[in-house]
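Colleague: Sharing a model prediction with you, sequence too.
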Amino acid sequence: MAAHDSFLAMILTNAKREEASSLTLVVDRDQPRIDMQLLDGSSRTLQAPPPEIMLKMIAGLEQGRMTYESSVFLVTVETVNVQRGVDNVVAHIASWMIEHR
């Protein structure tokens, strides 16, 4: 798995542990941000990788890459919506599954 794929799998695994209902990956004018929406309606911002890594993660999702696996777990993104603007790109991941091996 490429480094950006591993990073996305790790983010999704950690978000599932914290019972997140969705994740939003944003690169806005080269400023990366990850927002996690929790089941209680609150949100939290996670530390994001550099913009070039975030852009690779979002591009993979946009191209239909939905499965990320390692020797420990398999992550499957079920619902994602990617939007590109002039100065930004946003991926909203609404559902995903984690299988531990």
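Modeller: On my side now, so go ahead.
Colleague: Run through the strands of this protein in chain order.
Modeller: Per DSSP state E, the chain carries strands over the ranges 20-28, 31-38, 43-46, 67-69, 73-84, 88-100.
Colleague: Kindly provide the distance from Leu38 to Arg44.
Modeller: Here the criterion is C-beta to C-beta, to the nearest Å. By it, Leu38 lies 7 Å from Arg44. (C-beta placed from N, C-alpha, C; glycine too.)
Colleague: Please enumerate the shared neighbours of those two.
Modeller: Glu18 (C-beta atoms under 8 Å, 6 or more residues apart in numbering).
Colleague: on that earlier part again, which stretch in the strands of the chain is the model least sure about?
Modeller: For the strands of the chain, mean pLDDT drops lowest on strand 67-69, to a mean of 86.
Colleague: ok, it: who's next to it in the sheet?
Modeller: Take DSSP bridges as the rule and strand 67-69 pairs in its sheet with strand 73-84 (antiparallel).
Colleague: what does the strand it pairs with rub up against?
Modeller: 8-9, 12-13, 58, 61-62, 66-69, 89-101.
Colleague: Contacts only, for Gln37.
Modeller: Ala20, Ser21, Ser22, Leu23, Thr24, Ser43 are the contacts of Gln37 under C-beta under 8 Å, 6+ apart.
Colleague: Now for the residue nearest to the first one when sequence neighbours are not counted: which residues touch it?
Modeller: Of all residues beyond its chain neighbours, the one nearest Ala20 is Met36 (4.6 Å), with distances taken as C-beta to C-beta, 6 or more residues apart in numbering. Under the criterion of C-beta under 8 Å, 6+ apart, the neighbours of Met36 are Ala15, Glu18, Ala20, Ser22, Leu23, Thr24, Ser43, Arg44, Thr45, Leu46.
Colleague: Just flag the most distant two among these.
Modeller: Using C-beta to C-beta, these span at most 14.7 Å, a distance reached by Glu18 and Thr24.
Colleague: Thank you kindly, that will do.
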